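>>> With the input below, show me the fold.
(4 chains)
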Protein chains: 2
Amino acid sequence: MPVPQPPVPPEPRRPLTLRDVSEASGVSEMTVSRVLRNRGDVSVATREKVLAAAKGLGYVPNKIAGALASQRVNLVAVVIPSLGNLVFPEVLAGVSETLEDTGLQPVFGVTNYSPDREEAVLYEMLSWRPSGVIVAGLEHSDAASAMLRNAGIPIVEIMDVDGEPIDSVVGISHMRAGREMARAIVAAGYRRIGFLGTKMPLDHRARKRMEGFEAGLAEAGLALADREFYSGGSALAKGREMTQAMLARSPDLDFLYYSNDMIGAGGLLWCLGQGLDVPGKIGLAGFNGVDLLDGLPVRLATMDACRREIGQQAAKIVAGQSGSGLIGGERIELTPRLQPGDTIRKA
Amino acid sequence: MPVPQPPVPPEPRRPLTLRDVSEASGVSEMTVSRVLRNRGDVSVATREKVLAAAKGLGYVPNKIAGALASQRVNLVAVVIPSLGNLVFPEVLAGVSETLEDTGLQPVFGVTNYSPDREEAVLYEMLSWRPSGVIVAGLEHSDAASAMLRNAGIPIVEIMDVDGEPIDSVVGISHMRAGREMARAIVAAGYRRIGFLGTKMPLDHRARKRMEGFEAGLAEAGLALADREFYSGGSALAKGREMTQAMLARSPDLDFLYYSNDMIGAGGLLWCLGQGLDVPGKIGLAGFNGVDLLDGLPVRLATMDACRREIGQQAAKIVAGQSGSGLIGGERIELTPRLQPGDTIRKA
DNA sequence: CTTCCGCCCGTTAGCGTTAACATAGCAGGC
DNA sequence: GCCTGCTATGTTAACGCTAACGGGCGGAAG
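Presented below is the predicted three-dimensional model:
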């Protein structure tokens, strides 16, 4: 009759394995494995004995071995261009939150808007055989697209729906967002319109927004009266500087469209500081709906990019909880709502 | 004489293994492995043949099997309380950037300031046998501390140095940051001082800052004249509301210390909107040094928390690049610099 | 010519876990 | 008593890769 072992103080060096727990509790490794995974029938007595031994030893299972044996991995790869842009942490938060009680674990990678790095990051992540991939954008290198297509797991491209997805896609149409903003501005009677944005040839979504915006203006026979791009630095400060520069250069502008809310807020603060009549003499609008703006003295017109919801929906798809019954190839287009704020004249 | 195989179009279903590449290129699996890892001697001819086959097939190595066999894992676990607080994405960015060319890959987990979730997240991450752990804060559950201590890998606790680290630590002293801010405020002649912060009993760093602040005031025989806490919502908006509320309640306050820059900025905007004399009649200060503030009409006094640098240093330690020669147990205390901005009277 | 060494490559034996199957023990029906 | 059908546990063989070692081959050294 085996004497119950007292919990052994964790002997530091050799890493513990199932065998250690099995020896400490007097059952086979398989039974320990069953207990720790709550799978299969194990008597209550055995279960408790095993759990006590595992806790006493401080055993932490080795998922590497487990994943290899079971061919199942609870990781989800999440690939985003940047952490500096407010938007992506919010998406991550949505993903993280939704995955929380699915047993899935997000693994993040950052590409810095570089297709080469995206390819490298994806290769690295796929080599861990995750059970799904969430990746920002629809534009990838050929090699990256091929990898994703052949991975045999759910792929969700997020943020943007203007293009051909590999598998599933969750996002908004940035083209349409730009166009609708243009229409709203034109409808409010503005005519001489300037654009201020980031100088990032690889930020396809910003580009699409601008293209949509110009298309919207064109519908009314208008074109951009001026434009300016920046890169780096504090967005709020850049917004001030660019606004000042543009209005010095083109004093007759009556509207400024900013490619994101932070530079928009900077521009707004500058205009207010100058005592300009907003939205009477000059209107302003940004993009994103960052809740930060709720605290500004005047609310900037913007359009919600549904960031958190994008993360949530994408996570649901990889977790197989989308409720659509589809097995892939889902397409969820969210609709950004125009929030007119106080910086566009009422039509 | 083996005929060179033309690249086979990737047959979709069965996942590729080394064996497939080895068969396609006519060498052993071991040689393929060597080529793919750039390890050991392989002739140029063989190398090229193998690389061509691997690329042709679209082979992606299986790191799970590789890690199990080699007992080496290129993952670094990074555990943070929240993604909503601007601070942590910045730390992540520092980590991610520094790890970029070390072959190490960060894996992030979020605890929502819950010790239980922290424990669960750590257990989950340690079960992947990462080669290092970076975790925010020095306060952990007993079980979590034990796990970390027994993991046998570098552990770096970050953000905070006020306490007993498990292994290495990189951060600032929040106690001291609070105290120094108090001294600067007292030195500038302010006497009736209010505190505005988050209602988060589990945010130990915010608590330490406040304690340090009160200690600093006590040195001058002062105590907080009023205090207010919030939770949730847009920080900028909360800053406005709380400031308004506090000044309505305690109109004789001459200084407001905010536990973070966002609520501080909200308060600042409100004060400016009210036409209050800042910093003459009332002074303001925040904490963090978010570069966002560079764009405000008036620069808020703050203290840089060295977020990105914390991430970088922590990453260096786990990557073994700290340059200290130490094998663990490093302690890096960074010094937050007071940035007086325009919201404290010149002494 | 032999010996030795370095290059290039193959063979063997795990890494720690789990799937799948085998088996022991026991209750109950006939 | 024998077989059926459980439940609780053990045994075996992977999973895909790499560490460690072994060996053929060719040229340089003796």
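>>> what does chain A have sitting close to DNA strand C?
Neighbours of DNA strand C within chain A, by C-beta under 7 Å from any atom of the strand: A:15, A:17-19, A:29-30, A:33, A:36-37, A:39, A:61-62, A:65-66, A:68-70, A:72. All C-beta atoms are positioned from the backbone trio N, CA, C, and that covers glycine.
>>> Narrow those residues to those that are buried.
A:18, A:33, A:36, A:61-62, A:65-66, A:68 (16 or more other C-beta atoms under 10 Å in any protein chain shown).
>>> Need the max-distance pair from those residues.
A:36 and A:68 (16.6 Å; C-beta to C-beta).
>>> now, which of the residues of chain A next to DNA strand C lie within helices?
A:18-19, A:29-30, A:33, A:36-37, A:65-66, A:68-70 (DSSP state H).
>>> wait, which of those is closest to residue B:179?
residue A:36 (47.5 Å).
>>> and the closest one, what does it touch?
A:50, A:54, A:61 (C-beta atoms under 8 Å, 6 or more residues apart in numbering or on different chains).
>>> and if we set it to 10 Å?
Residues in contact with residue A:36 (C-beta atoms under 10 Å, 6 or more residues apart in numbering or on different chains) are A:18, A:21, A:47, A:50-51, A:54, A:59, A:61, A:66.
>>> Please flag which of these sit within strands.
Applying DSSP state E to the contacts of residue A:36, no entry is found in strands.
>>> of all those, which comes closest to residue B:276?
Nearest to residue B:276 among the contacts of residue A:36, with distances taken as C-beta to C-beta, is residue A:61, at 59.2 Å.
>>> For the closest one, which residues are in contact?
A:16-18, A:21, A:32-33, A:36-37, A:54, B:123-124, B:126-129.
>>> Which pLDDT does the model give the residue nearest to residue A:186 when sequence neighbours are not counted?
In space, and not counting its chain neighbours, residue A:186 is closest to residue A:220: 4.5 Å by C-beta to C-beta, 6 or more residues apart in numbering or on different chains. Residue A:220 carries a pLDDT value of 96.
>>> how much space is there between residue A:220 and residue A:182?
8 Å (C-beta to C-beta, to the nearest Å).
>>> These two: who's more crowded?
residue A:182 (26 against 13; other C-beta atoms under 10 Å in any protein chain shown).
>>> now the more buried one, what's its secondary structure?
helix (DSSP: H, G, I helix; E, B strand; the rest coil).
>>> Check it and give its pLDDT.
Value for residue A:182, per-residue pLDDT: 97.
>>> That one against residue A:191, yeah?
No: with contact taken as C-beta atoms under 10 Å, residue A:182 and residue A:191 are classed as non-touching, separated by 11.8 Å.
>>> Any chance you could list residues touching both of the two?
Contacts common to residue A:182 and residue A:191, judged by C-beta under 10 Å, 6+ apart, are A:217, A:220, A:222, A:255.
>>> looking at this, residue A:143 is in a helix?
Yes: assessed with three-state DSSP, residue A:143 lies in a helix.
>>> Assign the residue nearest to it when sequence neighbours are not counted to helix, strand or coil.
Using C-beta to C-beta, 6+ apart and skipping the chain neighbours, the partner closest in space to residue A:143 is residue A:119 (5.6 Å). At residue A:119, secondary structure determined by three-state DSSP is helix.
>>> Now do residue A:119 against residue B:52, distance only.
18 Å.
>>> So which of those two has more stuff around it?
The neighbour count for residue A:119 versus residue B:52, taken as other C-beta under 10 Å, is higher for residue A:119 (18 against 15).
>>> Hmm, residue A:314 is touching residue A:165, no?
No: using C-beta under 10 Å, residue A:314 is not in contact with residue A:165, being 11.7 Å away.
>>> so what are the domain limits for chain A?
A:18-61, A:73-173+A:308-333, A:174-304 (automatic domain parsing).
>>> Tell me which of those domains sits nearest to residue B:276.
Here domain A:174-304 is closest among the domains of chain A (C-beta to C-beta), at 13.5 Å.
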